[in-house]
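> structure here, sequence nowhere to be found:
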């Protein structure tokens, strides 16, 4: 089945530094990928829609200058948390759909990245 | 995007059948209903998807009444490993269709 690979799975960084999270579609091309954030005991919240070759679309309340998204190829989207602060500590998850018959099973999610800012 | 309402939590004993109902009164004609399962510190995993009537796969069944304003995920003979959060989502199936997650249902299975 369709696989979305996300790296790193866990990262700890110092306050003020930047962290890059990668999301790759391993066996299909994804013109659109989605980035979510999940705080403990809460549901997933959509942060932004990553569009290959164009600017990302951010949800209301999400700072586009803080959460930089680059979707430079059909199989890779990256999320960079710039000038991270402790309140940015969260579980970040990406997703994509292969579409067509393979997409009839909905979206495939990455395994998530646990970001801890100290 | 259609809003969904699910019970916050459910408890079950191992071996029982579990039915989780989701309300989606504002579902649109083109919307599909999809259920995902999420374990702690993992991304959601697709369980089942349907449009109307009944859909069954190797892990679950999905029942959708004619008016499609609700749906029920049925997990037969749950085991401890089915302890997870289950999300009901409603939306299109295009590759650019946004998914909006509701609160989900936290299922706790015990011996």
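Sure thing, it's come through. As the structure is a computational prediction, the values presented were derived from the model and not from experiment.
> ok, the residue of chain B found nearest chain A to residue A:96 distance?
Closest contact between chain B and chain A, by CB to the nearest CB, is at residue B:43 (3.3 Å). In short, each C-beta sits where N, CA and C put it, glycine included. Residue B:43 is 11 Å from residue A:96, where distance means CB to CB, to the nearest Å.
> name the residue in these two with the higher neighbour count.
Using other CB atoms under 10 Å in any protein chain shown, the more surrounded residue of residue B:43 and residue A:96 is residue A:96, with 27 against 24.
> need the next SSE after the one helix or strand residue A:11 maps to, C-terminal direction.
Element membership of residue A:11, judged by DSSP states H and E, is strand A:10-13. Where DSSP H and E defines the elements, the next helix or strand beyond strand A:10-13 is strand A:19-25.
> how many other residues sit next to the closest residue to chain B within chain A?
Using CB to the nearest CB, the closest approach of chain A to chain B is made by residue A:109 at 3.3 Å. By the criterion of other CB under 10 Å, residue A:109 has 24 neighbours.
> so what's the residue nearest to it when sequence neighbours are not counted up against?
Computed as CB to CB, 6 or more residues apart in numbering or on different chains, the closest residue to residue A:109 that is not its neighbour in sequence is residue B:43, at 3.3 Å. Applying CB atoms under 8 Å, 6 or more residues apart in numbering or on different chains, we find residue B:43 in contact with A:4, A:6, A:93, A:95, A:109, A:110, A:111, A:112.
> now do the SS call for the residue nearest to residue B:9 when sequence neighbours are not counted.
Excluding the flanking residues, the one nearest residue B:9 by CB to CB, 6+ apart is residue B:106, at 4.4 Å. Residue B:106 falls in the strand class when you classify it by DSSP: H, G, I helix; E, B strand; the rest coil.
> I'd say residue B:106 and residue B:85 touch.
Yes - between residue B:106 and residue B:85 there is a contact at 5.1 Å, judged by CB atoms under 8 Å.
> phi, psi of the spatially most central residue of chain B?
Per CA atoms, centre = their mean, the C-alpha nearest to the average position across chain B is that of residue B:35, at 3.4 Å. Listed backbone geometry of residue B:35 is phi -110, psi 140, with angles given as degrees, to the nearest 10.
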